[in-house]
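[1] Mind folding the following:
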Amino acid sequence: MTDKFQIVGSLLRPDELLKYKTQIEHNDDIQYPFYENYEGYEKCETEAIKQVVTKEIEHNLSVVTDGEFSKSMWHLDFVWGFGGVKRYIADHGYFFRDVDGTSKYETRKDIGLRITDKLSGKNHHFIQLFQQLQDTAGEQQTKLCVPSPSHIFGELSWSDNIGGTDAVYQNIQELKEGLVIAYKEFVEEFAAVGGKILQFDDCLWELFADDNPNSPFTGENINQDEVKGLATEFIDINNTVIDFGHSLGLKMWTHNCRGNYDSRNMGGGSYAKIANLFLKQLKYDRFFLEWDDDRAGSIEALEVFKDRPETEIVLGLLSSKTSTLDDEARVVRLLDEASKIIDKDRLLLSHQCGFASCDGGNELSEAQQWAKIDQGQKIAKQYWGSTV
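    Next comes the predicted model:
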């Protein structure tokens, strides 16, 4: 067995659970976590989580999650669980790149967030869900995945929630302070119930890569000093909460990707262009990085980790977006390249993202998903040997 292969977090949901999730997607007169709105939903979710955790253990995963079966989307359920937030169906969803690389692909529309009161992370439903995961996993190591503070700060600050007569937060600074308080409240309760590993997921780093043609911050007439200032603000808000987590004895991990919805992505941007910002300055203990295709650029971006000997890097060289097994020769070649930069013992292997960042999942079957996970385990064991 090896602990050198890891999953990012999410797994394909079973059909019986998706029946409830689909109803949730199309209704906004319901209240998170929606159990009271749909008879049988909570029982179905709980049973599905028990089954998927058992499968994770059977497939020799050393760190397990609830498959994110408790979520509709990788990030917004967490925000819905904050005090002071109301969910609603927006006029449109997020826009991803379709498989042709140029056409737009619209996501689900229940992405609207309205701040109705000061944000609070106390008594969050995710704490109850994590306790259930602990009970199910037993002695197995567990982690909880939530969106990074900076990602949610970005989404809320670009919304219509700031300023105005009825606004809870009159400016961006007030929002930032309120969001940090809410995150710290949540992190404190997570640690109090025995949580050990908290993973912040983030999809916004590549907005700041000037080789990303899909970013609003690239092109002519862009004030790059302002862009760099925003990136620094994102780093600072994350590090504030990371430091707090460390003070409570938590391991703080992160996962970064370029979007993962129905096997589509949101854009490009290489790590080399943002390495001195997000890779070098963020204080995480472990980075899950997306490197399943050429958009990530050269593996030489890992150079910034040379002077951080305690930091681990999980290379997402495998793809959760495809139904076929991955090119093992490519994976080994890139692992060899990375090992010339970073000590082999500090490296791990994963898919670039989860298999179902949103509940609909990527375009593959459950059997294909587990086959890809087994392939990752095999490659890791051959490359590093048995490590557990």
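[2] Residue 24 - that's part of a strand, no?
    No. Read with DSSP: H, G, I helix; E, B strand; the rest coil, residue 24 is helix and lies in no strand.
[3] any idea which helix or strand carries residue 236?
    Assigned by DSSP states H and E, residue 236 belongs to helix 224-247.
[4] and if you look at residue 253?
    Per DSSP H and E: strand 251-256 holds residue 253.
[5] so residue 213, which of the three states?
    The three-state label given to residue 213 by three-state DSSP is coil.
[6] Tell me where the stretch 251-388 of the chain has helices.
    Applying DSSP state H, counting those that start in this stretch to the stretch 251-388 of the chain gives helices spanning 280-281, 328-339, 366-384.
[7] quick one: the first one to chain centroid distance?
    Spelled out, that is helix 280-281. With C-alpha atoms, centre = their mean, to the nearest Å as the basis, helix 280-281 stands 19 Å off its chain's centre.
[8] Which neighbouring elements make contact with it?
    Applying 3 or more C-beta pairs under 8 Å, 6 or more residues apart in numbering; DSSP states H and E, one finds that helix 280-281 makes contact with no other helix or strand. No exception for glycine: its C-beta is placed from N, CA and C like everyone else's.
[9] That helix - what's its average pLDDT?
    Helix 280-281 shows a mean pLDDT of 98 in the predicted model.
[10] repeat for the last one
    For helix 366-384, mean pLDDT rounds to 98.
[11] Could I get the contacting residues of residue 287?
    Residues near residue 287 by C-beta atoms under 8 Å, 6 or more residues apart in numbering: 253-256, 279, 305, 311-314.
[12] same thing but 7 Å
    By C-beta atoms under 7 Å, 6 or more residues apart in numbering, the residues touching residue 287 are 254, 279, 311, 313-314.
[13] want to throw these into a markdown table with distance to residue 120?
    Converted to a markdown table, these look like this (distance: C-beta to C-beta, whole Å):
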| residue | distance to residue 120 |
| --- | --- |
| 254 | 24 |
| 279 | 32 |
| 311 | 32 |
| 313 | 34 |
| 314 | 32 |
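[14] Mark which of the residues you listed are part of strands, please.
    Those of the contacts of residue 287 mapping onto strands are 254, 313-314, per DSSP state E.
[15] I'd like those as CSV, with neighbour count appended.
    Formatted as CSV, these follow (neighbours: other C-beta atoms under 10 Å):
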residue, neighbour count
254, 24
313, 19
314, 23
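[16] any low-confidence regions in this protein?
    219-220, 265-266 (pLDDT under 70).
[17] what's the span of stretch 72-80, first residue to last?
    From its first residue to its last, stretch 72-80 covers 11 Å (C-alpha to C-alpha, to the nearest Å).
[18] And stretch 61-75, by the same measure?
    Stretch 61-75 has an end-to-end distance of 23 Å (criterion: C-alpha to C-alpha).
[19] contacting residues for the spatially closest residue to residue 167 that is not a sequence neighbour?
    Excluding the flanking residues, the one nearest residue 167 by C-beta to C-beta, 6 or more residues apart in numbering is residue 161, at 6.5 Å. Residues in contact with residue 161, defined by C-beta under 7 Å, 6+ apart, are 114-115, 167, 169.
[20] Report the buried members of those.
    115, 169 (16 or more other C-beta atoms under 10 Å).
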